[in-house]
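# how does the following fold in three dimensions:
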Amino acid sequence: MQSLARNAVLLSLVCLLRLQLGFGQSCVKIDPAGGTVTFNTTAVGTVSAIKRIGLTNNCGKDIQISSFSISAPEFILDYGWAPINKIPGQEAFYALRLKPDAAKKFTGTFTASGVGFSPVTVNLSGTGMSTSAAASFSAGALSFGNQSVGTSSTQPVTLTNTGSSPFTVNQVYADPPFAVSGFSGRPTQLKPGRSLPLQVTFTPWQEGTSNGTLVVVSDVLPSKGITLSGTGTATKSFTVSTYPTLQWATQGYSYNVQLNGTGGTAPLNWSLAQGTNLPFGLTLSSQGLISGTLNSSVEVGTYSFVVSANDSSSPHQTATATLTLPVGAANGDSCNQIEWNVAKTSTPLTDLADLGTGTYFGVEGGLYLDGSNVMPTSHDADGVNFADAIQPLDGNGNPDPNGKYALLVIGESCGRDTSLQFIQDAAAEPTLNSHLVIVPAAMPGAAAASWAGLNFGGWNSITKFLLPQNGVTANQVVAVWVSTTDDSIRGVFPADMVQLQSEYESIAQNLHTLFPKLTLAFYTSRFYAGYGNPGISSPEPYAYESGFALRGMIDDQLNGVPSMNYNRANGPVKAPWVAWGPYDWANGMLARSDGLAWSCQDFAPNDGEHNSQPQGSEKDANLLLNFFRSDDATAPWFLTPAK
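Okay, the predicted model is just below:
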């Protein structure tokens, strides 16, 4: 009996010790409560919306989540990494999706293990469904040819359900200078054999070729679209060249949009046509500036009005246009920050491309050396050579005509929002190369300082989860888009950008180490952050300044710094060839020379840091898609080669 009593005491002490050390019932709190995640029924060939798992450290001491696993391949990782350390009260997040490969119910588990706690398990379930619906367009592409700036033309296209079961159209969109009408904006079911007539309009506001995609998003089918193209040409008459749908205004906040005309003699004299009015609080100056504070009583919606411009020729030429101004509700962001100024610099801030040989605190602008926005010829030639050499690969990285190659996307949450919209748009683009796989790996909280570390857990998530679940390996990654900044940079320019530039260069070196076939890396700095509320990462002017850090990294490679060398003829290769991706910073509502501007409605409510969904993300994703479609170092492998 005494022996049994001693054993019982020892067992109790062992159990107590196990609990104190984090064994037994875990001290990590799981969200959702109950530890079960159920995904919505999802069609085969598509993926579900994300479900997020939160793991909170309630252990009273620091813990480390050392690893995690997902037991069934139909449940795929969206973001999250290990190892990751959490102090008491902190939460780690893991986002999953259901990607069914058959019409049946799937079950699985998500398990996290580590130091200082017992393993925790979350049960996963979801159902795949099959569909016999099929979407078909009456044309694979619409070409508008040459068209005078400021004029519009429209072409029809019809979407038809050519399958034997219904599907529901949830979104239809195209980006300026293209627009689409015919879809009400409400979910519209198409039964077998039924059609949705659409009209696509092309309205160029500047000279040059424009490309776009008409995208249709439905409930049970992958996104589908057609290619759009048109060329703006010099007008033969005086015309209002402003795109007919203006930047969004916000109830109760400042507004600022400059109207433009072409083909007339400056200066222009602007006015509202008789009988038309702007929304209450806004005025049109004779110089063509619509400004003021939109009264909070103005209802959400769209407002049309007619503007008239007289040029200075004798006799005067007159141009008129009907414009539309969308109005959105106050969203909790700092919506009066429609531009950003910095003392002792030229105000307002000018984007790097338009700054050119001008300076910001004595540092020259431009995307490349000497205030230029044109890549040096030799560097461009090297990038084109790398692009032309890209070919389908097998999993070991060997040439295989039936193989694949991957474009990897890394960064933090802002880049993630853009990349997911970009992937949806790219999937709808008929000219996308069939060998290309785009792998989204940007993750909330993964700032440049994280990716700069070779031991960062995000790299593990890429190689162990994100690449395999997309059907590719590290040996098939040939290009990368990087979109990240650092939330710890607060200092005096230009010294405050030295750290970020160093991190950008470390990321390039890590990419070279981890992905042996990767040759091309494209970086994008932070977009406008002036609408951000206190506490956001990389607020202005640091969002603006991040462009200088990125430019500095590229300059190092152009100047032959050994740690950024990509050319075997110049010594050991340490990094891929690097260049600018799309440069998407514009000073709020002050449009760049190419027309890009950011309104407060382009940003998430009560945030101001992330793009709104889908409006802001689509604006940024369109820049990204057009870049990869048109750049000479991306088009050869991004698009299907012309026959």
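# my guess is G261 contacts V240, does it?
Yes. The pair G261 / V240 is scored as a contact, 5.3 Å apart, by CB atoms under 8 Å. In short, each C-beta sits where N, CA and C put it, glycine included.
# and the helices in the stretch 451-600 of the chain?
All helices of the stretch 451-600 of the chain, identified by DSSP state H, counting those that start in this stretch, fall at 457-461, 467-469, 498-514, 542-558.
# ignore the last one, the chain
Assigned by DSSP state H, the chain shows helices spanning 2-20, 352-355, 377-389, 413-428, 448-451, 457-461, 467-469, 498-514, 542-558, 615-630, 635-638.
# turn these into JSON lines, including mean pLDDT, distance to R186 and mean neighbour count.
Below are these laid out as JSON lines (pLDDT from 0 to 100; distance: least, CB to CB, whole Å; neighbours: other CB atoms under 10 Å):
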{"stretch": "helix 2-20", "mean pLDDT": "39", "distance to R186": "55", "mean neighbour count": "10"}
{"stretch": "helix 352-355", "mean pLDDT": "96", "distance to R186": "39", "mean neighbour count": "20"}
{"stretch": "helix 377-389", "mean pLDDT": "98", "distance to R186": "42", "mean neighbour count": "15"}
{"stretch": "helix 413-428", "mean pLDDT": "96", "distance to R186": "20", "mean neighbour count": "23"}
{"stretch": "helix 448-451", "mean pLDDT": "96", "distance to R186": "41", "mean neighbour count": "24"}
{"stretch": "helix 457-461", "mean pLDDT": "98", "distance to R186": "38", "mean neighbour count": "21"}
{"stretch": "helix 467-469", "mean pLDDT": "98", "distance to R186": "34", "mean neighbour count": "19"}
{"stretch": "helix 498-514", "mean pLDDT": "97", "distance to R186": "43", "mean neighbour count": "21"}
{"stretch": "helix 542-558", "mean pLDDT": "97", "distance to R186": "36", "mean neighbour count": "23"}
{"stretch": "helix 615-630", "mean pLDDT": "97", "distance to R186": "17", "mean neighbour count": "22"}
{"stretch": "helix 635-638", "mean pLDDT": "98", "distance to R186": "34", "mean neighbour count": "20"}
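# for those, give me a markdown table that also has distance to N295.
Written out in a markdown table, the entries for these read as follows (distance: least, CB to CB, whole Å):
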| stretch | distance to N295 |
| --- | --- |
| helix 2-20 | 62 |
| helix 352-355 | 32 |
| helix 377-389 | 50 |
| helix 413-428 | 31 |
| helix 448-451 | 42 |
| helix 457-461 | 46 |
| helix 467-469 | 50 |
| helix 498-514 | 41 |
| helix 542-558 | 30 |
| helix 615-630 | 23 |
| helix 635-638 | 46 |
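# on that earlier part again, ok, which of the helices of the stretch 451-600 of the chain comes nearest I87?
helix 457-461 (16.6 Å; CB to CB).
# mind checking how far that closest one is from the chain centre?
In terms of CA atoms, centre = their mean, to the nearest Å, the centre of helix 457-461 is set 20 Å apart from its chain centre.
# which residues sit against it?
For helix 457-461, the external contacting residues (CB atoms under 8 Å, 6 or more residues apart in numbering) are 77, 79-84, 410, 441, 443, 446, 450-451, 510, 514.
# so for stretch 162-174, mean pLDDT?
Computed over stretch 162-174, the mean pLDDT rounds to 97.
# got the buried residues for that stretch?
Burial within stretch 162-174, assessed by neighbour count using 16 or more other CB atoms under 10 Å, is assigned to 163, 166-167, 169, 172-174.
# how about low-confidence regions in the chain?
By pLDDT under 70, the weakly predicted segments of the chain are 1-25, 488-489.
# for S152, which of the helices of the chain is the nearest?
Each of the helices of the chain has some distance to S152 by CB to CB; the shortest is helix 615-630, at 19.2 Å.
# summarise which helices and strands that closest one is packed against.
strand 208-218, helix 413-428, helix 635-638 (3 or more CB pairs under 8 Å, 6 or more residues apart in numbering; DSSP states H and E).
# try it again at 10 Å.
Applying 3 or more CB pairs under 10 Å, 6 or more residues apart in numbering; DSSP states H and E, we find helix 615-630 packed against strand 167-173, strand 208-218, helix 413-428, strand 477-483, strand 520-524, helix 635-638.
# that older thread, out of the helices of the stretch 451-600 of the chain, which is closest to N269?
helix 542-558 (34.2 Å).
# what angle separates that closest one from helix 498-514?
50 degrees (axes from the mean of the first three to the mean of the last three CA atoms, to 10 degrees).
# what helices or strands is helix 542-558 leaning on?
Using 3+ CB pairs under 10 Å, 6+ apart, helix 542-558 sits against helix 352-355, strand 359-360, strand 363-364, helix 377-389, helix 498-514, strand 520-524, strand 577-580.
# got CSV for the ones you listed, with distance to G45 too?
CSV is the format used below for the helices and strands packed on helix 542-558 (distance: least, CB to CB, whole Å):
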stretch, distance to G45
helix 352-355, 40
strand 359-360, 48
strand 363-364, 50
helix 377-389, 30
helix 498-514, 30
strand 520-524, 29
strand 577-580, 34
